[in-house]
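J.: Would you be able to build a 3D model of this:
(2 chains)
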Amino acid sequence: MNSTAQDEISEYVERVRAALADLPEATRAELLEDLPEHLAEIRAEDTVTLTDRLGTPEAYAAELRATAAGFVGGFPDPPKRRFEPFHTARADVMRVLGTADVRVGPVLGYPKASDFLKLLRPAWWVLRGYLAAMALAYFLDAQSYQVGLLPRIGNSTFIALVLLVGFILVSIAFGRRRFDLSRWPRLALYGGTTVLIFVAIGGFFSADSDVRDPGYSDVGYSGGGGNPYDYIQDVFVYDNQGRLVPGARLFDQDGQPIQMGNAYCNDPDTGEVSHSRSMGYPFCPDAAPFASPAPEPKPTVEPSFVDGNEPSEAPAPASASPSK
Amino acid sequence: MDTTQLLKGVLDLAVLAALRDGDGYGYDILRRLRAAGLDEVGDASVYGTLRRLFAGGFLNTYVVPSDEGPHRKYYGLNAAGHAELQRSGKVWQGFASTMDDLLRERETA
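T.: Next up is the predicted model:
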């Protein structure tokens, strides 16, 4: 018998047990003692599910209760349940889901959609292990503001891989075994699963937006390895003689103009900010980092430092000059 | 009135009678009852009745390993079970003939 059938049987027994929850413990134990074996016999008879063959566990429990009346002094009817509207609503939802289950199944090529989903269980176990590791790393690792794809604590890839493999193995082992959880541990398990699903959805969309808009979160972080051209305010083009080229236009390989910097100049004397009158780069020729050499390098003429700047050592233009 | 209601009263007897011909496991007994014409009987009823009769001391039980599939728990009548089958059987036959007579009188009247 495979594990799916065992899962099905334990689940069925659990629900019968839950439906008989009001009976004295001894009576219920007596009644349910052989049920797993009995259901296993039935399950082995043919391939249909227990619910298809026997009806819902709740109906089975009701029949069992009626039949076993007089067992040990008779069974009382179950007390009126609390939260009756809640149970009714839940039953309605389950009925709709059940219908959808049967309708969608043939589209997928299975008798019921849930048959297909059951096949995906091991995949969910792996995903659950991964998500749990990611969630743990996220909560433990306070220093990283960016979540990657590995559950990193600190920067060690090795620890991340160990953590990842460990969690996945535990999750699979946990999924393979069925525990008879009582009410609160079971609710805790469901709650934890819900949290993981929310973490997964949040992480997925955050990763998606990061991939579509890379570097967004790095703007303004100097060490972030973002766009190295973020700080450029102006562009100065020098020809091979070290002369500043006025009104230069920059284009990329597609002929698109390259726009960088901002077209405002800061007057060094007055501190006034004014819009550039230049039609190209540089926007602010006065702010050139390197002075241009004299237009005609004739030794006779008095040097004309037209722009008033000292010809300080200018590495780039100076080294360019001899190459003439 | 439907068969389900009637069945409740005589399920013990039906199961005891099904075991008279030989020991059987739960599903096997269900099949015998269905084959005998009790289509309405459900699996939970048979299982619950077997548990109750066993707890009442009317049945013995043993497990038989199966080559294909799970082990099967067989139930069989013990002395008390045979005695109970006799006694209940007589009660039922008396009751049934009374009912028969009653219905026949009504019809002929």
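
J.: tell me which element the residue positioned nearest the centre of chain B falls in.
T.: With distances taken as C-alpha atoms, centre = their mean, B:Val15 lies nearest the centre of chain B, 1.6 Å away. In the assignment (DSSP states H and E), B:Val15 maps to helix B:3-20.

J.: helices or strands next to that helix in the packing?
T.: helix A:57-67, helix B:26-35, helix B:43-55, strand B:72-77, helix B:79-108 (3 or more C-beta pairs under 8 Å, 6 or more residues apart in numbering or on different chains; DSSP states H and E). Using the backbone N, CA and C atoms, a C-beta is placed for each residue, glycine as well.

J.: Number of residues surrounding residue 64?
T.: Picking chain A for this. 27 (other C-beta atoms under 10 Å in any protein chain shown).

J.: if you could check chain B rather than the one you did, that'd help
T.: By the criterion of other C-beta under 10 Å, B:Val64 has 10 neighbours.

J.: same thing with A:Leu32?
T.: 20.

J.: which ones are touching it?
T.: A:Val13, A:Val16, A:Arg17, A:Leu20 (C-beta atoms under 8 Å, 6 or more residues apart in numbering or on different chains).

J.: repeat for A:Ala5
T.: By C-beta under 8 Å, 6+ apart, the neighbours of A:Ala5 are A:Ala40, A:Arg43.

J.: ranking the helices and strands packed on helix B:3-20 by burial, who's on top?
T.: Counting by mean count of other C-beta atoms under 10 Å in any protein chain shown, helix B:43-55 has the highest mean neighbour count of those, with a mean of 23.

J.: Any chance of CSV for the helices and strands packed on helix B:3-20, columns distance to A:Gly109 and mean pLDDT?
T.: Putting these into CSV (distance: least, C-beta to C-beta, whole Å; pLDDT from 0 to 100) gives the following:
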stretch, distance to A:Gly109, mean pLDDT
helix A:57-67, 28, 85
helix B:26-35, 31, 90
helix B:43-55, 30, 88
strand B:72-77, 35, 90
helix B:79-108, 50, 87
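
J.: Do a quick rundown of the helices in the stretch 151-300 of chain A.
T.: A:157-176, A:183-212 (DSSP state H, counting those that start in this stretch).

J.: Show me what the last one is packed up against.
T.: Packing partners of helix A:183-212 (3+ C-beta pairs under 8 Å, 6+ apart): helix A:121-140.

J.: which residues are in contact with the helix it packs on?
T.: Residues external to helix A:121-140 that are found in contact with it (C-beta under 8 Å, 6+ apart): A:147, A:150-153, A:160, A:163-164, A:166-172, A:174-176, A:193, A:195-197, A:199-200, A:203.

J.: Please work out the angle formed by the directions of it and helix A:157-176.
T.: Helix A:121-140 and helix A:157-176 meet at an angle of 130 degrees, taking axes from the mean of the first three to the mean of the last three C-alpha atoms, to 10 degrees as the criterion.

J.: buried stuff in helix A:121-140?
T.: Within helix A:121-140, the residues that count as buried by 16 or more other C-beta atoms under 10 Å in any protein chain shown are A:Trp125, A:Leu127, A:Arg128, A:Gly129, A:Tyr130, A:Leu131, A:Ala132, A:Ala133, A:Met134, A:Ala135, A:Ala137, A:Tyr138.

J.: Quick one: these as TSV, columns for pLDDT and distance to B:Gly76 too.
T.: Below are those laid out as TSV (pLDDT from 0 to 100; distance: C-beta to C-beta, whole Å):
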residue	pLDDT	distance to B:Gly76
A:Trp125	90	44
A:Leu127	91	50
A:Arg128	90	47
A:Gly129	91	49
A:Tyr130	90	53
A:Leu131	89	53
A:Ala132	89	51
A:Ala133	88	55
A:Met134	85	58
A:Ala135	84	56
A:Ala137	82	60
A:Tyr138	79	62
